[in-house]
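[1] Provided below are the primary sequence and the corresponding predicted coordinates.
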Amino acid sequence: MGSLPADGRPQALHLAGVDITPLVSGSACNSYELGLVAGCNGHGTPAHSHPWDETYFVIKGEVVIGVGNQEKAFHSGDLVHIPAGERHWFRFDKSGEALDLTSGQKAFAMFEALVDVPDGSSADKYLSIAKTYGEEDRRKG
């Protein structure tokens with residue numbers, strides 16, 4: 001059994017106005033990764049899909065999550081599962097935090113590769129890097 005006290009957590013990765021703090025990495029667990037995602041002021045991801053499952057558990061505030069052609073605001077205590085390959089996105093219109101559980105070991109490697117993209121960059125810049133990890137641009141239908 002391992003533990004990760006709050007003062008022992010890795011530093012958050014800042015991506016496109018959203019902070020992602022790795023809590024359980026692929027190097028610590030072969031089958032999943034777990035992170036804390038926090039944001040506000042309309043920041044989030046464009047529509048995309050990737051070859052791993054993703055589950056969000058909202059722990060504070062509000063997160064707007066879109067799946068397919070629908071979107072909904074989720075609040076503290078809500079759980080949303082998105083199967084691999086499904087078109088989805090999220091944004092924080094209000095301050096919020098969610099645990100992000102992904103299957104496999106690619107998500108955090110992708111986040112680390114994206115961390116050097118300057119805030120305010122186009123979605124195309126992020127997606128050009130993300131595609132090398134199997135992510136697909138799904139902004140159009």
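    Yes, it's here. Note that the structure is a prediction, hence the values are computed from the model and not measured.
[2] When you work out contacts or count neighbours from here on, use the C-alpha atoms and nothing else.
    OK.
[3] Give the buried residues for stretch 128-141.
    Judged by neighbour count (16 or more other CA atoms under 10 Å), stretch 128-141 contains these buried residues: 129, 130, 133, 135, 136, 137, 138.
[4] And for stretch 106-113?
    Those buried within stretch 106-113 under the rule 16+ other CA under 10 Å are 106, 107, 108, 110, 111.
[5] Surely residue 87 touches residue 47?
    Yes. Applying CA atoms under 8 Å as the test, residue 87 and residue 47 come out as touching, 6.3 Å apart.
[6] Overlap in contacts, these two.
    A shared contact of residue 87 and residue 47, defined by CA atoms under 8 Å, 6 or more residues apart in numbering, is any residue touching both; here these are residue 138.
[7] right, and the helix or strand after whichever strand or helix holds residue 65?
    Taking DSSP states H and E as the criterion, the element that holds residue 65 is strand 54-67. Toward the C-terminus, strand 54-67 is succeeded by strand 70-75 as the next helix or strand (DSSP H and E).
[8] in its sheet, what does that next one sit against?
    Based on DSSP bridges, the pairing partners of strand 70-75 within the sheet are strand 54-67 (antiparallel).
[9] tell me the mean pLDDT for the partner strand?
    Model confidence over strand 54-67, given as mean pLDDT, is 96.
[10] Give me the residues contacting that strand.
    Surrounding strand 54-67, the residues in contact under the criterion CA under 8 Å, 6+ apart are 71-84, 86-103.
[11] Whichever of these end up buried, select them in ChimeraX.
    One line in ChimeraX is enough to select the buried members of the contacts of strand 54-67, burial here meaning 16+ other CA under 10 Å:
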select :74,75,82,83,86,87,88,89,90,91,92,93,95,96,97,98,99,100,101,102,103
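[12] just for the chain, where's the confidence low?
    Low-confidence segments of the chain, defined by pLDDT under 70: 1-9, 141.
[13] Okay, helices next: where are they in this protein?
    Per DSSP state H, the chain has helices spanning 107-114, 123-130. These are given in chain order.
[14] No further queries at this time; thank you.
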